[in-house]
Every structure is written in structure tokens, then in C-alpha cells.
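S.K.: my questions concern the predicted model and sequence given below.
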Amino acid sequence: MQIRIIAAALALFVGFGQAQADSHDDVLTIAYNVNLPSWDPTVGLSAVNPTIQSIYKSVFDQYVDQNPDLTFKNGLLTGWGWNEDRTKIWLEVRDDAYWHDGRNVTAADVVWSLERAGHPDTGNPIQFIWSTVGNFAVDGNRITADVLRFEPTIFKWMAFLTAYVLPKDYYESVGAEGFEKAPVGSGPYMVDQFERNSFVRLKRFDKYWGPQPEFETVIFKFVPDANSRVAEIESGSSDITIEIPYEQYDRLSEKDGLQGRNTPVSDIAMIFLNDVGVMEDANVRKALAHAIDKEAIVERLLRGYGVPIDTLQAPQYSAFDNSTKVETNPEKSKELLAASGYSPENPVRFKIQTTRGFKPKDYEIIQAIVGMWRNVGAEAEIEVYEIAKHFELRAQDTLAPAAFYNWGNAIGDPSTSTGFAMFGPSPHSTWDTDDLDAMIGPLWGEPDEEKRIAGYKAVDRYIAENAYVIPLLQFVQPIVHRDGIEVTPHVANFVLPQLVKKTN
Amino acid sequence: MSFPFLLRRLVLVIPTLIGVSIIVFVLLRVVPGDPIMMMIPPGATEDDIDHLRQLYGLDKPILEQYLVWFSEVLKGDFGTSISLRQDVVELILSRLPATIELAVAAMFISVILGTSLALIGTFWSNQWPETIVDGFTGLNQAIPDFLWGLIFILAFGVLWPLLPVSGRIDPRINLDLVSQFYIVESLIRGEFSVFLTLIKHMIMPAIALALPLTAVIARSLKASLRETMTQDYIRMAQVKGFGPWRILIVEALRNAMIPTVALSGVQFNFLLGGTVLIERIFSYPGIGNMSIGAVIDRDLPLIQGLIITFAILFIVTNLVIDMSYRTLNPRVRNE
């Protein structure tokens, strides 16, 4: 009897170990850092959450797609453009796309998705963009629409947040709740099983119009805790993980059986300056900007995983201008502060707000910067706040004189970085002065793309010269994966299973 | 147990829940963090923001918002989650079973382990087994549950990968269960492979949750047993020639358990609170994990629903403990 009990216990234990060691060549498991809250990629809070777009992009198609280097390519649309006087747009819908329930994707689906997105009552947070076109007409696979309000970036937005095409007939038949329970898209993977807060299992969609993904099954495990994600990849329970501390990334990358990839992504760190108190003094602002050694922050705090920047444009963005520089020069900072009557003995005092743990080393970066400022004659008091409070204060324009933030811009357009962050009437801006608004204002409706981009480059130069904001660095996404697969990093910070290849 | 006692306790539940709902409702709207501000993208205008605020009913005064919400709650409608876009009651009911199964498993482990340790410590009083029991319970009291969780993940998930480190079930398994009480249902339906994978996923979080409570039960019960063992009726049993284990388990344990039962009830409430962190660490899909997500997203309807749910769980637990206490303790029962 005792022997049988021991044998059963051993079998159970061996079973436990074996289950962990099982490898499934056709199953790709990704330990993902966030939960998927909702299956509708066009409505509500989750629709504008950049971190879950990888899952949406696996299941749904966008009007326009993006290559890993942020350049644009065909999505469900094979062509798009304006008429000559820019009073109309035209869209060409591909004819080889199917919904996961087997029906054809039609131009009517695209029109319905655009109209729904532009309707104020659907709760699409980007409604203000989608409502710039209307009066749709369909002729075969070609759609035309009137431009109701000129928006030069509308086609770029077609590859961005909430720009997903949903199945009209299916959605209308099952309703919003039915769609949440059984979502149908036209992307490379279809939803097989969804355990809320736990995982989503996807199956390859054989009728997908694009290249067939190599893995038949993909599992996104929702593992919000970074330590648990490290354990997932280290134990072999997952094949890929992301968003882990750089120290862990270095350690895991050197481990047998694991590899690391790191890519600069479309997410930058910056310090918002508010046009209040001491920040109204140009000498103070410029001194603060010149005092920061961004190279040192990247090398010493982020272990080299970051790219110093001097404008709100990362090198991959369309208005990036390498000639706009803000040099690190503490002596110049001292001179500027001295001109306004400040010195290390009599420092200028203000408050800086920051998150702690929201982005890699956010608090430590600010601590280091405050130290650099102290050396030149600026004494900043650090206040830690939650990201929710940041949003609220920013919308009310009541942020402290300086506030750390990160800004994502997956389409790389200057209007969605400099434009929204620095234009006074935008609820996201903190610096609100007429000189800057006068420069940015005309660019919103500039129809000449070259002039528009050149205009934003000039704005960025002007901002840098006047230190209206302090851009810090471009973040790097650490990805760790097991041997035997190749992961294609995406500058938009996506981890797309359709881009993962088997190497043996 | 008297019916008037039960009725009295049940009547008290109503004002308690109303009080909790008012405090939660007001607090959530006073603390920083506006869900609409988290939702708006770059480029949204003031009108867009006002429209979204109106859409989610957040444009009205707090009192009006509360009255609207409360009148719906009376009809069983806790609203729709802002972030998850689903009925709050449905969401909570779909995740609550995972937490209940985890908490009950943790409670079961801590009662069995705590009682065993107390019996061992009492039986071998002032000998080396008691020293080991005291050391073990001291260690368990000193280390919080979430730290145990991380230690287990490192030990049994990474260094010796015997157990899965996240989730409630193996994502590769096709689940065909009707209820959300997976463990209970898989046992009833005889689906042992599913049952096994559920247990594998539950072992580490359940033990991590159980260990601190185990220490509390062991210490309290050992002290109580030691006192009971000096009672006259125990000496009488010894004189009658009963064996030491029989005296300890059959004669002493029942009386010694009374204070421990009351204490365990209070501790069970702490254990429920502990599920929030433990579920997060193990990515366990219960209401604890959901609570953190709801707070991060400032999902007001869901936070309200979750807090009311936790309040109901606490009230029910206390009620059950009170009733158990009355059943076990004749003095209280006859009052």
C-alpha cells in the first residue's frame, strides 16, 4: 500500500515536470505585459491603449498597415488618396479578404466601420479624426467620400489607433456584447479561446489574404508582473516576453537557450515645462535643458538601452531633423542662471512631477536630472504621482512647472507628437504661448506634405531654441525569446506573432 | 443557533452595504484620476471630452450620479465596465469563482497544516519538534504572502520547473466547462486531466496565501491546546487511561478550537485581501487581479462593484464564523 502511494506521488510529480517540459513546435506562447480588456478595437479605453495593439493587429485588419520600420503599406486597402482639390478621398478595398466566419470583406464593411468610428455616440475616442470625412459612395471595391474638414494626416491615422475594420453584418447581428464574446476579424489569426485576465489562444486563419503565419497556434498569456514574465521565459513556459527590466534583459540574453532583441521604439521620454512661475524665464528653461547629460543617463541608468533626442521626433519619424541639437553644457547653464540671478548658492526652486515604475527607471532618471540641475543652480523638488493624475492635471493645465512623461507616436507624424503636445488649444499641451500656436496652427490644415513636414521641423527647432519642452530619450523595447525562433521587432512597439519565424 | 440572531445580523447587512457604497462612491470621485482623461487621445477637443463624460454619465453632480447608480443597483444592475465594456455583475460573477476556489484552497491548507503543527507542538511540548514548529510558524509570520509567491516562482517555476508560474489553467487545453468553478466542476464531471492542470496552477498561489495564516492558526491553537491540557477533564481522561493522541485530538482539540475558529474568520478576510497581490503575481484570473486592473484604468463602475463584492464576502464570512462560534461554544449559544 505504502509503495503504491509513493509511486502515485512520484507519477504526479513527474507528470508536473513533464507538462512543463512539453514543447509544441506549432504553438507560440507570448508572455504579454498587459491584459486585453475588450475585443472592440475601436471603442473605449482599450482602443487607445498602445500596448494591446499587437493583439488587435493579430486578429483584425487595419485600413492601412505599417512595416516594422513605420513605413506604410497596404492593409485592407490596396490604394488611397485625395482628389486634386482635396475635397474628396478615395479608397480601394482589396477583393481577396475574408472574415473569420468565411464571408467576404466588402467595401460596405469599410464604409460601415468608418461611419461608425466617426459617429459621436459610438464612443470612439478618435471620432474627431474619423468625422472629417462623410457622404460615402461605393462603386465595386472603390469608395469615395467627401472631405468635411481637411485633415492632412487622415491616411496615416488609418494605420493608427481605432483604425480597424469590423464586420458589419456580423456585428449588427450579434451586437456589442455578442462581439465581445465571439469576436470576428479578418486578420491572420482568429480567436479560439479567451480567458479574461488569463490568456487568449489564437488559431491561424487559413483564408488570410496576406502571408500565412508560421505558427498555427498563438497564445498570449497576460502576465502583468515583470518578475513573473521573467520566470515565464526562464522556465520555458513562454517563448517570447517583453517589457522586462534591462538588468534582467542582459542576464537572460546571455543565458543558454535564450536570445535578446532590443529596438528603439516610437515612445519617447520628455519633461513637459509649464508656462508658469520660474519657467516663464527663458534663461531658466534653457539652463535646465543644457544641464542634462542625456548620454550619461542612457549609458549609466538604462545600460545603453535608449537613444538621446533633442526634439519630440525620434529618428524614425517623418519630421526628424538631425541638425536640431541641444548641447549638454553645464557651464552655459550656470551662465544663463546667473543672468537671472540664480546660482548653486541661491538656486532657482520649482517642483517636478514624475511617475515611479510606469516607465523603465522613470523616477531614477528624474533623480539623476535633479542632481544635474542642482550642480548648476536649480533645486527641484520631486513629487511622485500616478499616471492617472498626470492625465488629469495635464488636461486641466495644472501640471507642476516641470513634469516627466512618455509620449508614443506609432505613425511617426509630427502632428501626433509636436502638434498635440505643444499646441496650446490641445488638451494635451502644457506649454501654451501665442508664438508657438501661431507657428503650429497653420500646419494642421497644410495640404502640401513637404511644406507641412518642413514647417514642423522649423517648429521643433524653435522649441529647442526656446526650451519650451525638454525631450530626453527614445525608449528601447527589450524582447527575450527562446532559441529556434526569429522575432522581428517593430518600431511601433508591436510584437506581432505573424512576424515570428521558425529557424530550425 | 437562534433565528432572531440570524435575522438581526441579516438586517444589519443592509445599512452596512449602503454605508460602504456611499464611502466608495464618494471616495472614487474625490481621489485624483479621471477615467475620461485616461481615455482621450492626442487631438481630442474639449467638446470630445465633454461628450465622453456625458456618455459615461460622469457629467452629473456626485449625488445625482450616486442616486442613479444606487437605483440601478437595487435592480441588480451595477452598470457597465468602462474599460472592459461588459456588464459589471457578469464580469464579477465570471471571476469570483476563481478567487473563491483559491481562497478556500488556501484556507483548507492553512487549517490542515496549522492544526497539524499545533498538535505536533503540543504533543512534543518542550522538545525539539516544538522548537521546529515554533521556528516554522515564526518564519511564516515574518514573510508576507506575496514574498512567498515570488520565492515559489523562483524555486518551483525557474530553478526546478515543476509548476506553471502563471494563469489558472494550461492555455493549450480545450475547456468545455459550464460553470466558472472549474475545480469543482471538473471533479464532478470526472475530467481529471483538467482537474490536474487546475491544481498544478493553484498549488503555488494557494500555499503562498496559506502560509501566513497557517502560522496564525498554529500559534493560536497551540496556546489554546496547552491551556486546555491543564483542565480537570483532561486529567480525568488520563486517569481513565486514554492514549495521549486520543486525549489531544478527541478530548482537547474541540474546546481548544473555539478561539481559533473566531480568529480564523478574521484571518480569512485578510486572506481574501491577500488574493489581490497573489493573483497579480501569478496572473491568476480572479477578482483580486481584476481589482488592480480596474484601479489602474480608473474603471469606476467596476471598482464599485468589486468593493461591494469584497464587502459582501467579508460580511458573509463574519456571519458564518459567528454562527460556527455559537455552534461550537455552548455558553454563547445559550445566551
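M.R.: Sure thing, it's come through.
S.K.: how about residue 320, what does it touch?
M.R.: No chain was given, so I picked chain A. Residues in contact with A:Phe320 (Cβ atoms under 8 Å, 6 or more residues apart in numbering or on different chains) are A:311, A:313-314. (Glycine included, C-beta is placed from N, CA and C.)
S.K.: hmm, I had chain B in mind actually
M.R.: The neighbours of B:Val320, taking Cβ under 8 Å, 6+ apart as the test, are B:Gly265.
S.K.: could you redo the last one with a cut-off of 10 Å?
M.R.: Going by Cβ atoms under 10 Å, 6 or more residues apart in numbering or on different chains, B:Val320 touches B:265, B:268.
S.K.: what pairs with the longest strand anywhere in chain A, parallel or antiparallel?
M.R.: With secondary structure taken from DSSP state E, chain A has its longest strand at strand A:258-273. Sheet pairing of strand A:258-273 (DSSP bridges) gives strand A:402-408 (antiparallel), strand A:469-482 (antiparallel).
S.K.: helices of the stretch 1-150 of chain A, start to end?
M.R.: A:2-21, A:53-59, A:107-118, A:127-130 (DSSP state H, counting those that start in this stretch).
S.K.: ranking those helices by mean pLDDT, which is last?
M.R.: Here the helices of the stretch 1-150 of chain A differ in mean pLDDT, and the lowest is helix A:2-21 at a mean of 46.
S.K.: related to what we said a few turns ago, got a ChimeraX select line for the buried ones in the contacts of A:Phe320?
M.R.: Applying 16 or more other Cβ atoms under 10 Å in any protein chain shown to the contacts of A:Phe320, the buried members can be selected in ChimeraX as follows:
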select /A:311,313,314
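S.K.: nearest to A:Tyr246, of the contacts of A:Phe320?
M.R.: Checking the contacts of A:Phe320 against A:Tyr246 with Cβ to Cβ, the nearest one is A:Ala314 at 18.5 Å.
S.K.: quick check, that closest one in a strand?
M.R.: No - under DSSP: H, G, I helix; E, B strand; the rest coil, A:Ala314 falls outside any strand and is assigned coil.
S.K.: now do the contacts for the closest residue to it other than its chain neighbours.
M.R.: Leaving aside its chain neighbours, A:Ala314 sits nearest to A:Gln474 (4.4 Å; criterion: Cβ to Cβ, 6 or more residues apart in numbering or on different chains). Applying Cβ under 10 Å, 6+ apart, we find A:Gln474 in contact with A:264-269, A:298, A:306-309, A:313-317, A:491.
S.K.: from B:Leu196, how far out is A:Asn33?
M.R.: Noted for A:Asn33: a distance of 29 Å to B:Leu196, by Cβ to Cβ, to the nearest Å.
S.K.: burial count for A:Val326?
M.R.: 20 (other Cβ atoms under 10 Å in any protein chain shown).
S.K.: wait, a helix at it?
M.R.: No - looking at A:Val326 with three-state DSSP, it is coil, so not inside a helix.
S.K.: OK, contacts around it?
M.R.: A:286, A:289-290, A:292, A:294, A:308-311, A:463-465, A:467, A:470-471.
S.K.: buried members of those residues into ChimeraX, please.
M.R.: Applying 16+ other Cβ under 10 Å to those leaves a buried subset, and the ChimeraX line that selects it is:
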select /A:286,289,290,292,294,308,309,310,311,463,464,467,470,471
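S.K.: inside strands: which ones of the contacts of A:Val326?
M.R.: Mapping those onto strands (DSSP E) picks out A:308, A:470-471.
S.K.: would you turn the strands paired with strand A:258-273 into CSV with mean pLDDT?
M.R.: Listed next are the strands paired with strand A:258-273 as CSV, based on pLDDT from 0 to 100:
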stretch, mean pLDDT
strand A:402-408, 93
strand A:469-482, 96
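S.K.: quick one, grab the pLDDT at the spatially most central residue of chain B.
M.R.: By Cα atoms, centre = their mean, the mean C-alpha position of chain B lies nearest to B:Leu272, the distance being 2.1 Å. On the pLDDT scale, B:Leu272 is placed at 84.
S.K.: let me know the secondary structure of it.
M.R.: Here B:Leu272 is recorded as helix under three-state DSSP.
S.K.: go on, A:Phe494?
M.R.: Counting by three-state DSSP, the backbone at A:Phe494 sits in coil.
S.K.: is residue 220 in a helix, a strand, or coil?
M.R.: This is for chain A. State at A:Phe220, reduced to three classes by three-state DSSP: strand.
S.K.: look at chain B instead
M.R.: Secondary structure, three-state DSSP: B:Ser220 is helix.
S.K.: what's the spacing between it and chain A?
M.R.: Distance, B:Ser220 to chain A, by Cβ to the nearest Cβ, to the nearest Å: 31 Å.
S.K.: who's in contact with that residue?
M.R.: Under the criterion of Cβ under 10 Å, 6+ apart, the contact list for B:Ser220 reads B:114, B:118, B:137, B:256-257, B:259-264, B:267.
S.K.: redo that, cut-off 6 Å
M.R.: Counting by Cβ atoms under 6 Å, 6 or more residues apart in numbering or on different chains, B:Ser220 makes contact with B:260, B:263.
S.K.: close to chain A: what parts of the stretch 101-250 of chain B are there?
M.R.: For the stretch 101-250 of chain B, the residues in contact with chain A (Cβ under 6 Å from any Cβ of the partner chain) are B:153, B:157-158, B:161-162, B:165-168, B:171, B:200.
S.K.: ends of stretch A:370-382, what's the gap?
M.R.: 8 Å (Cα to Cα, to the nearest Å).
S.K.: need the contact partners of it.
M.R.: Residues outside stretch A:370-382 that contact it (Cβ under 6 Å, 6+ apart) are A:291-292, A:330, A:333-334, A:337, A:342-344, A:347-352, A:366.
S.K.: give the buried residues for stretch B:148-163.
M.R.: Residues of stretch B:148-163 classed as buried: B:148-150, B:152-154, B:156-158, B:161-163 (neighbour count, 16+ other Cβ under 10 Å).
S.K.: nearest to B:Ile321 among those residues?
M.R.: B:Trp148 (24.7 Å).
S.K.: which is the succeeding secondary structure element to the strand or helix carrying that closest one?
M.R.: Assessed by DSSP states H and E, B:Trp148 sits inside helix B:145-152. Counting by DSSP H and E, the element after helix B:145-152 in chain order, helix or strand, is helix B:182-188.
S.K.: within range of chain B, give me the residues from the stretch 51-200 of chain A.
M.R.: Contact residues (Cβ under 6 Å from any Cβ) of the stretch 51-200 of chain A with chain B: A:120, A:123, A:125-126, A:128, A:180, A:197-199.
S.K.: list only those of those residues flagged as buried.
M.R.: For these, buried by 16+ other Cβ under 10 Å: A:123, A:125-126, A:128, A:180, A:197-199.
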